[in-house]
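Enquirer: sequence and predicted structure, then a few things I'm wondering about:
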Amino acid sequence: MPPPKSPPSKSSKEPQRIAKLLARAGVASRREVERMIEAGRIAIDGKILDTPATLLKSLHGVTVDGAAVAQPIPAKLYCFHKPAGVLTTERDPKGRPTIYDKLPKGLPRVMPIGRLDLNTEGLLLLTNDGGLKRQMELPSSGVERVYRARAFGPITQEQLEALIEGITIDGMRYGPIDANLERRTGRNQWIEMKLAEGKNREVRRVLEHLGLQVSRLIRTAYGPFALGDLAKGDVLSIRQHDLVKFRQTLK
């Protein structure tokens with residue numbers, strides 16, 4: 001009787017789309033990789049790649065702009081205190097400063113998780129792992145963001161509490177927002193807002209819809225990671241144990 005066949009080795013690598021592999025390697029997000037492929041910037045063994053549907057077991061022989069791509073390294077997460085007046089992008093056609101002009105030297109290639117607009121400051125999470133970036137940005141993951149806004153104009157706590165039911169502005173539906181009036185000085189007040197979606201300019205649009213003028217906006221937390229006393233322009237590396245523990249909570 002012939003011996004039973006051995007089951008396939010669990011260590012054998014299954015082919016994956018090149019965009020996923022490059023995102024995991026920290027080259028760029030999957031969407032950006034697809035744009036890079038369209039631009040002819042990615043090659044395999046010297047041959048320009050023309051489709052993001054390519055399946056690979058490893059990044060051996062893959063180059064970006066002629067430079068070899070290293071194999072993926074373990075996911076890392078960093079807290080960055082973004083100053084106001086810089087863009088959350090790699091480059092700006094108008095030559096305005098970006099977060100990459102402000103990041104300390106010596107960091108590996110990192111991507112922002114979500115965005116903060118030009119005049120918003122505070123906590124911006126950075127990662128070298130495209131999969132983690134995408135997972136944290138998805139509304140279905142339910143990762144809470146916390147903001148503090150300084151706003152001018154009349155507002156009541158009752159008006160803010162009504163936001164817990166969500167709100168529709170110009171046809172755009174925003175989900176529940178836990179908003180609280182922290183303190184008031186004349187017609188200026190600080191308002192804390194907690195939300196899980198993080199649509200483009202959501203906090204500003206909601207407060208402006210309520211008749212307020214936002215003069216300062218700070219993100220103070222993203223999930224369990226808080227800005228704390230991190231100085232503007234500084235970066236804090238999240239411990240691997242804390243990152244692994246957090247990823248286990250993601251939906």
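Expert: That came through fine. Residues are numbered from 1 along each chain as shown.

Enquirer: now do the contacts for Gly61.
Expert: Ile44, Asp45 (CB atoms under 8 Å, 6 or more residues apart in numbering). From N, CA and C alone the C-beta is placed, and that goes for glycine too.

Enquirer: give me the number of residues near Val143?
Expert: Residues contacting Val143 under the criterion other CB atoms under 10 Å number 24.

Enquirer: pLDDT wise, what is the nearest residue to it once chain neighbours are set aside at?
Expert: Once flanking residues are discounted, Val143 sits nearest to Gly223: 4.6 Å by CB to CB, 6 or more residues apart in numbering. For Gly223, the model assigns a pLDDT of 94.

Enquirer: same deal with Ser141?
Expert: 84.

Enquirer: so what does it look like in phi/psi?
Expert: The phi/psi pair for Ser141 (degrees, to the nearest 10) reads phi -70, psi -20.

Enquirer: wait, it sits on Leu250?
Expert: Yes. Here Ser141 reaches Leu250: they are 5.3 Å apart, a contact under CB atoms under 8 Å.

Enquirer: what touches both of these two?
Expert: Contacts common to Ser141 and Leu250, judged by CB under 8 Å, 6+ apart, are Gln135.

Enquirer: and the helices in this protein?
Expert: All helices of the chain, identified by DSSP state H, fall at 18-24, 30-38, 99-102, 130-137, 157-161, 202-209, 240-247.

Enquirer: which of the ones you listed sits closest to Ile113?
Expert: helix 130-137 (5.0 Å; CB to CB).

Enquirer: what mean pLDDT does the closest one get?
Expert: 87.

Enquirer: list the helices and strands that helix packs on?
Expert: Helix 130-137 sits against helix 18-24, helix 30-38, strand 111-113, with contacts defined as 3 or more CB pairs under 8 Å, 6 or more residues apart in numbering; DSSP states H and E.

Enquirer: how far away from the center of its chain is that helix?
Expert: A distance of 7 Å separates the C-alpha centroid of helix 130-137 from that of its chain, computed with CA atoms, centre = their mean, to the nearest Å.

Enquirer: how far out from the middle of the chain is stretch 221-238?
Expert: Relative to its chain's centre, stretch 221-238 lies at 14 Å (CA atoms, centre = their mean).

Enquirer: pull out the buried positions in that stretch.
Expert: For stretch 221-238, the neighbour count (16 or more other CB atoms under 10 Å) marks Ala221, Tyr222, Gly223, Phe225, Leu227, Val235, Leu236, Ile238 as buried.

Enquirer: how near is the closest residue to the fifth one other than its chain neighbours to Ala25?
Expert: If you skip the residues right next to it in sequence, Leu227 has Leu123 as its closest partner in space, 4.2 Å away by CB to CB, 6+ apart. Here the distance between Leu123 and Ala25 works out to 25 Å (CB to CB, to the nearest Å).

Enquirer: look at these two and report which has more neighbours.
Expert: Per other CB under 10 Å, whichever of Leu123 and Ala25 has more neighbours is Leu123, with 24 against 21.
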